[in-house]
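coords please:
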Amino acid sequence: MTTGIKDETVHELRTEVPPGRTALALLISHVSMSDLQRELARFPGATLIETDMPPAAVVAVQEALTEANRTPFTG
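Numbering: from 1, shown residues only. Coordinates of the predicted model:
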């Protein structure tokens, strides 16, 4: 089962997020792209990188998030 992010997307992220900068990854569905772009415009310099994840990757992320919510944070 392949759940990785495409090499092209990883390269794009490395180019767009240089050392010392921050990236935020969101797993979203059923969203209006115009609404998302309008909201993103509030943050100067922000860039939207859109990609489709294979269904197996979406399931893997959802399972990891579910597990993380069950495990108490002790940090």
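
For the chain, just list every one of the helices.
7-16, 33-40, 55-70 (DSSP state H).

quick one: average pLDDT of the shortest one?
If I follow you right, that is helix 33-40. Mean per-residue pLDDT for helix 33-40: 88.

what's in contact with that helix?
Identification of contacts with helix 33-40 by C-beta atoms under 8 Å, 6 or more residues apart in numbering yields 28, 46, 48, 50. C-betas here are computed from N, CA, C, even on glycine.

Go again with 6 Å.
For helix 33-40, the external contacting residues (C-beta atoms under 6 Å, 6 or more residues apart in numbering) are 46, 48.

Pull out the buried positions in that helix.
Neighbour counts over helix 33-40 (16 or more other C-beta atoms under 10 Å) mark no residue as buried.

Kindly export that helix (C-alpha atoms) in CSV.
What follows is helix 33-40, C-alpha atoms only, in CSV (Å, rounded to 0.1, in the frame of the first residue of the first chain):
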residue,chain,number,x,y,z
MET,A,33,-11.6,26.8,-3.3
SER,A,34,-12.7,30.4,-3.7
ASP,A,35,-13.6,30.6,0.0
LEU,A,36,-10.3,29.0,0.9
GLN,A,37,-8.3,31.4,-1.3
ARG,A,38,-10.2,34.4,0.1
GLU,A,39,-9.4,33.3,3.6
LEU,A,40,-5.7,32.7,2.7
